[in-house]
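Chemist: What follows is a predicted structure for the sequence shown.
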Amino acid sequence: MAEEATSYATVAEADAYWQIYSTPAAWSALDEAQKQAALNVGRQYLDAIYGLRWIGTRATSDQIKDWPRVSAVDSDGYQLSDTTIPREVMDANIESALRHVTEPDGLLPDTADRGRVMRERVEVGPLVEDITYAGGKVLNKTFPKVERILSPLLSSGSRIYLG
């Protein structure tokens with residue numbers, strides 16, 4: 001299945017979104033190609049971080065992106081279209097694109113150690129904070145605003161597959 005768009009929102013949709021919410025200078029400074037590139041990375045971030053938590057299932061097995069989805073019912077019980085991208089996903093894509101532009105090490109940094117942090121120690125003068133994480137601290141970046149936007153489209157528990 002050939003798909004032309006690699007993001008969930010277009011540059012025009014992102015520009016319109018930011019006109020409503022006061023366009024950040026970081027977004028205004030980008031040209032159209034840079035905005036599209038940021039939206040593409042924002043989409044990759046959403047699929048990587050939330051891919052296992054989306055409601056429903058991908059519409060086809062060979063689609064590049066996680067949306068559209070079939071059998072997706074939002075948190076209010078409404079059936080979502082299996083041919084369109086929900087507004088929440090588009091908005092989260094736009095928010096993630098801005099985070100990509102403004103985050104110093106990016107949304108999905110390539111790190112040598114993809115494991116978990118077991119212990120963290122921070123010293124500031126005489127103050128010391130020493131934390132040991134049971135099971136480790138996950139290194140994936142998440143952003144509360146993006147999480148809130150997507151909350152109606154995320155499953156809360158594990159999936160069970162029946163064969």
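Modeler: Thanks, I have it. Numbering: from 1, shown residues only.

Chemist: Helix, strand, or coil at Glu123?
Modeler: strand (DSSP: H, G, I helix; E, B strand; the rest coil).

Chemist: okay, now it: neighbour count?
Modeler: Number of residues near Glu123 (other CB atoms under 10 Å) recorded here: 9. From N, CA and C alone the C-beta is placed, and that goes for glycine too.

Chemist: Three-state assignment for the residue nearest the centre of the chain, please.
Modeler: Centroid-nearest residue in the chain: Leu46, 2.5 Å away (criterion: CA atoms, centre = their mean). The three-state assignment at Leu46 reads helix, by three-state DSSP.

Chemist: shaky segments in the protein?
Modeler: For the chain, the stretches with pLDDT under 70 are 1-5, 108-121, 130-140, 157-163.

Chemist: Please, where are all the helices along it?
Modeler: Under the criterion DSSP state H, helices of the chain are mapped to 11-20, 25-28, 32-50, 87-102, 144-150.

Chemist: Go through those and name the closest to Lys65.
Modeler: helix 32-50 (6.5 Å; CB to CB).

Chemist: send the alpha carbons of the closest one over as PDB?
Modeler: Listed next in PDB are the C-alpha coordinates belonging to helix 32-50 (Å, rounded to 0.1, in the frame of the first residue of the first chain):
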ATOM      1  CA  GLU A  32       7.500  24.600   4.700                       C
ATOM      2  CA  ALA A  33      10.000  21.700   4.200                       C
ATOM      3  CA  GLN A  34      11.300  22.000   7.800                       C
ATOM      4  CA  LYS A  35       7.700  22.000   9.100                       C
ATOM      5  CA  GLN A  36       6.900  18.900   7.100                       C
ATOM      6  CA  ALA A  37      10.100  17.200   8.400                       C
ATOM      7  CA  ALA A  38       9.100  18.100  12.000                       C
ATOM      8  CA  LEU A  39       5.600  16.700  11.400                       C
ATOM      9  CA  ASN A  40       7.100  13.500  10.100                       C
ATOM     10  CA  VAL A  41       9.300  13.000  13.100                       C
ATOM     11  CA  GLY A  42       6.300  14.000  15.400                       C
ATOM     12  CA  ARG A  43       4.300  11.200  13.800                       C
ATOM     13  CA  GLN A  44       7.100   8.700  14.200                       C
ATOM     14  CA  TYR A  45       7.300   9.600  17.900                       C
ATOM     15  CA  LEU A  46       3.500   9.100  18.400                       C
ATOM     16  CA  ASP A  47       3.600   5.700  16.700                       C
ATOM     17  CA  ALA A  48       6.700   4.600  18.600                       C
ATOM     18  CA  ILE A  49       5.500   5.800  22.100                       C
ATOM     19  CA  TYR A  50       1.800   5.100  21.800                       C
END
